[in-house]
Structures are given as structure tokens and as C-alpha cells.
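Participant: Got a predicted model here, sequence first, then my questions.
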Amino acid sequence: MRQVIRVIKTPVTLIILLAILGYGAVWGYQQVTMPDNRKVATCVMTDVGANLTPDRVTVRVLNGGEIGGLAKLMAGYLRSHGFRVIYYNNSDQRVPNTVVVGNSVDDPEVKLMLGFFTGSTAKGDGRADHGVDVILGDKDTHIENPVASIPVTGPVCLPAIATSTVSAIPTPSPSPRATKKK
């Protein structure tokens, strides 16, 4: 009797393990081929008044130079001026001078960030969330006393994370504070 159980036990165990492995493979394949229903991060039209201030701008700081720890240092600098730094790390891209990347070079959040780094260049990549990336080069170009705001007319498209503590309006309309009274 023990011989029969021993002879049957090994193939039964092997069949059970193969069934578990097969189920895991089918489940994994279904998960990988499932359509991606995640929403693309977008911006929200937000009334910021007459001026855009750093506390409304979401920033990622990336070190594109050879100096270690520069991204962390600049993240602290930008936080001290009120920016919402959500990420800092090294960049795969190497740059000699600071590059500010946003949706468009004409966006107010990009222009505000350019005021914090002398000699920096701006790039627009059409990003939907209107966050700003600062890719730092080896040259120290930050300004000690930068302009703390930039004038805007009407609502500004800001990342949803930056609008979580402010009131957002769904459609673009002129700001009452930004409109001149006659």
C-alpha cells in the first residue's frame, strides 16, 4: 500500500504544480494584453488671479551634469521659493546648461521657471499635464533673488496635483482679478 501511495504521490504533485503554473501563465498573459484604461495626466484650467506664483507650479528636477547631488540641492532651492517639487533624480540626458522643459516655451509656468536660472534655455514638448522639468547642467545658473511671480491674464492650465488645494474651473474664462475695469 505504501508503495502505491509513493508511486502516485509524485505524478499527482507534479500535475497540481503544472496546473498552478498554467493558471498563473494564463492570468499573466491576460493582464499583459488587457487594454490600458489609465487616463493621461492632463491639466486643469485654474484661476490663479493676476499673477502665477511658484506654489502653483509642479516641478521635476533632473541632474543632467556630472556634479553629484545637484538635483537634490536644486530641489531644496526651488522648494524654498515655494515650488511643488514632486521628483528629483539624475537624467539620462546630458546638458551643458540648464534646460527648462514644459508644454510650450510660451507657457507662464515655463517663463516663471526661466526667471530662476540665468542663461537657461526653454523647450516645449507638448506635455498634457503642464508640469515643468528642470534639467540641470554643470554650470550653476540659479539666481539668489528671483522674481517671485509672473503676470497672467485669465486661468492657467496647471497639473491636477497643483490644483488640489485651490478652486479649479472647468472652462477657460477671464479672471475677475485679471480683467481691467473701465
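Facilitator: Thanks, I have it.
Participant: Could you use CA atoms for every contact and neighbour count after this?
Facilitator: OK.
Participant: Which segments of this protein make up each domain?
Facilitator: As assigned by automatic domain parsing, the chain contains the domains 1-36, 43-163.
Participant: Low-confidence stretches in this protein?
Facilitator: Residue ranges of the chain with pLDDT under 70: 37-41, 161-182.
Participant: I figured Asp55 was touching Leu78, is that so?
Facilitator: No: judged on CA atoms under 8 Å, Asp55 makes no contact with Leu78 at a distance of 10.0 Å.
Participant: more neighbours, these two?
Facilitator: Taking neighbours as other CA atoms under 10 Å, Asp55 and Leu78 compare with Leu78 leading, 19 against 16.
Participant: in terms of contact, does Ser91 touch Glu66 like I think?
Facilitator: No: taking CA under 8 Å as the definition, Ser91 is not a contact partner of Glu66, at 10.4 Å.
Participant: For the chain, which segments are assigned as strands?
Facilitator: Read by DSSP state E, the chain holds these strands, from start to end of the chain: 43-46, 51-52, 58-63, 84-90, 99-102, 121-124, 132-136, 150-151, 156-159.
Participant: Partner strands of the longest one and their direction?
Facilitator: This means strand 84-90. Applying DSSP bridges to the sheet, strand 84-90 is found paired with strand 58-63 (parallel).
Participant: quick one: Ser137 and Pro96 touch, right?
Facilitator: For residue 137 the amino acid is Gly, not Ser. Yes: contact between Gly137 and Pro96 holds when scored by CA under 8 Å: they sit 4.7 Å apart.
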